[in-house]
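Trainee: fold the following, please.
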Amino acid sequence: MPHLILKNLPRYECLLEAANTFPELDPSSCEAFLHLLRTGDEAFLYTERNLTEHGISHGRFGVLMLLWGESHNPEAHRHGMTPAELADQSNVTRATMTGLIDTLVRDAFVKRTADKDDRRMMRVALTPKAEKFLERLLPGHFQRMAALMNPLSQSEQKTLVKLLNKILQHASTLNAGPASKSAAAR
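Mentor: Numbers count the residues shown, from 1 in each chain. Sure thing, here's the model as predicted:
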């Protein structure tokens, strides 16, 4: 699902013109922000096409990858993750996660089991069918990621990661600020 509905971004000159009407508009920041969203949308669509060809959504793929990572983590003390842990790690509501898990159970990609220490709690884990599915999907998925990043040198990729992390950290700080808390209270 695209976040930016503009196919063609406004030219920098148009942003400069708009800044005359809206002095708060910083043309350089706006241009960078719009390019960030547009690039993210294109990258998302590129990977979404591949996932769709394999009959899986981004949401379901994300859950499988979280469970795959957990199952391959030598420090993991438990088998699988709770739905609450999956929701938190996926940044979705528990209700949304329940829907994702339900469809993955229906397709025999995950199974729910009672927690060994607390029988009131459920844990979700990959099935052998999901492991085989990921073994088929992931090589091509990783090749697509590499192909998408191919125009950048390794050094440029590292710089991009640093820059995106700076924006991510700042966005997290802004989202945790007083304005977002008061908006959430409304």
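
Trainee: quickly find the element holding the residue lying farthest from the centre of the chain.
Mentor: Within the chain, the residue lying farthest from the chain centre (CA atoms, centre = their mean) is N20, at 36.3 Å. N20 belongs to helix 12-21 when elements are defined using DSSP states H and E.

Trainee: from the contact counts, what lies against that helix?
Mentor: Secondary-structure packing of helix 12-21 (3 or more CB pairs under 8 Å, 6 or more residues apart in numbering; DSSP states H and E): helix 27-53. From N, CA and C alone the C-beta is placed, and that goes for glycine too.

Trainee: ok, then the element right after the helix it packs on?
Mentor: Downstream of helix 27-53 (by DSSP H and E), the next one is helix 58-71.

Trainee: which neighbouring elements make contact with that next one?
Mentor: The helices and strands touching helix 58-71, judged by 3+ CB pairs under 8 Å, 6+ apart, are helix 27-53, helix 83-90, helix 94-106, strand 110-114, strand 122-126, helix 128-149.

Trainee: figure out which of these is closest to Q169.
Mentor: helix 27-53 (14.6 Å; CB to CB).

Trainee: and that closest one, how far from the chain's centre?
Mentor: 12 Å (CA atoms, centre = their mean, to the nearest Å).

Trainee: change the start of the numbering to 13 and stick with it
Mentor: Got it, first residue is 13 now, which makes that one helix 39-65.

Trainee: need the helices and strands packed on helix 70-83 in JSON lines (columns: distance to N20, mean neighbour count and mean pLDDT).
Mentor: Compiled in JSON lines, those are given as follows (distance: least, CB to CB, whole Å; neighbours: other CB atoms under 10 Å; pLDDT from 0 to 100):
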{"stretch": "helix 39-65", "distance to N20": "9", "mean neighbour count": "14", "mean pLDDT": "92"}
{"stretch": "helix 95-102", "distance to N20": "32", "mean neighbour count": "17", "mean pLDDT": "94"}
{"stretch": "helix 106-118", "distance to N20": "32", "mean neighbour count": "15", "mean pLDDT": "96"}
{"stretch": "strand 122-126", "distance to N20": "41", "mean neighbour count": "15", "mean pLDDT": "93"}
{"stretch": "strand 134-138", "distance to N20": "42", "mean neighbour count": "20", "mean pLDDT": "94"}
{"stretch": "helix 140-161", "distance to N20": "21", "mean neighbour count": "13", "mean pLDDT": "96"}
